[in-house]
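Colleague: have a look at this prediction, sequence included:
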Amino acid sequence: MDTARVSACTYPLRDRELDYAFAVLAAAGFTKVDLLGRLPHFSATDPQYRLDELERLLARHGLRVANIGSYCGRGFSGDDDSRRAAMDELRRTLAAAQRLGARSIRVMPGDGRRASLDALVPQFQQAAEDAAQVGVYMGFENHGGEISGVPEICAEFSARVGSPYFGVLYEPANLMAAGVDYQRAFATFRDYIVHIHVKDGRHDAAGRWHGTMLGDGVIDLHWLWEHMEGIGFTGEYALEFEVDNLEPVETGYRKWFTAWRDA
């Protein structure tokens, strides 16, 4: 499949400095990264963090940022001060994404509780106006829970915000781990998908989900490609290596890049 449309999450290298992380990803064949939105990889609020140094390292390794895996929006379920701080962080992250040429950022649906939806909707409607102005999409990831773990609520939330710049960060393996069929979920919220993370896994005899190397589990990569392309998705397919118990990321990411290419 098209390797020009693939990126690598820096999450599995979350404890390593960016220079090392970028070297690993570039050596594996990637030209785009899904940048983890916490230090030492990224911060929109830490005064010590320098975007120009990030840009220097990206250029050094021949990489660019496709998505920022930030945690903006957690404070939207809190008090007025928490909401103001969360909105400021989100706007700073959108500005950074625009500067870096990233297509999207990840956001968090507040505290993840369904009871918070009424409070979250106007916050994200306001944020979506800023996102539209800079041309950056915002997606909340299928991490489980009362909002992002329930496809029908994902669709309801996205529809209520009502912006093409806000929607779902589709994560098939996370859905399967939570007992939700990823293909059924796609059919439910397909109109609201703005980004995708890709990994693989399977259930054991006892019904427990285990991560596998890409292509060794039950996630049908061709199905993902065909259906995402079918809804007009134009972004990157972010591979997220989370099986360092099976192989070190330093050698495993190259195999994932190859598995995607040859799928």
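Modeller: Yep, it's here.
Colleague: buried ones in the longest helix seen in the chain, by neighbour count?
Modeller: In the chain, taking DSSP state H as the definition, the longest helix is helix 80-100. Neighbour counts over helix 80-100 (16 or more other Cβ atoms under 10 Å) mark 83, 86-87, 89-91, 93-94, 96-97, 100 as buried. Every residue, glycine included, has its C-beta placed from N, CA and C.
Colleague: any chance of those residues in a markdown table, with distance to A159 too?
Modeller: Converted to a markdown table, the buried residues of helix 80-100 look like this (distance: Cβ to Cβ, whole Å):
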| residue | distance to A159 |
| --- | --- |
| R83 | 22 |
| A86 | 22 |
| M87 | 22 |
| E89 | 25 |
| L90 | 20 |
| R91 | 24 |
| T93 | 24 |
| L94 | 22 |
| A96 | 28 |
| A97 | 24 |
| L100 | 29 |
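Colleague: quick check, pLDDT for the residue located most distally from the centre of the chain.
Modeller: Here the chain reaches farthest from its C-alpha mean at A205, the gap being 29.7 Å by Cα atoms, centre = their mean. Confidence at A205, expressed as pLDDT, is 94.
Colleague: next, it: secondary structure please.
Modeller: Assigned by DSSP: H, G, I helix; E, B strand; the rest coil, the conformation of A205 is coil.
Colleague: just to revisit the earlier point, out of the buried residues of helix 80-100, which is nearest to P40?
Modeller: Among these, A96 lies closest to P40 (Cβ to Cβ), at 15.4 Å.
Colleague: so the closest one versus D52, what's the distance?
Modeller: Remark: distance between A96 and D52 (Cβ to Cβ, to the nearest Å) = 11 Å.
Colleague: can you say which helix or strand has M176 in it?
Modeller: Take DSSP states H and E as the rule and M176 turns out to sit in helix 172-177.
Colleague: neighbouring contacts of that helix?
Modeller: Helix 172-177 has contacts (Cβ atoms under 8 Å, 6 or more residues apart in numbering) with 141-144, 149, 151, 181-182, 185-186, 197-201, 203, 209, 211, 217-219, 224.
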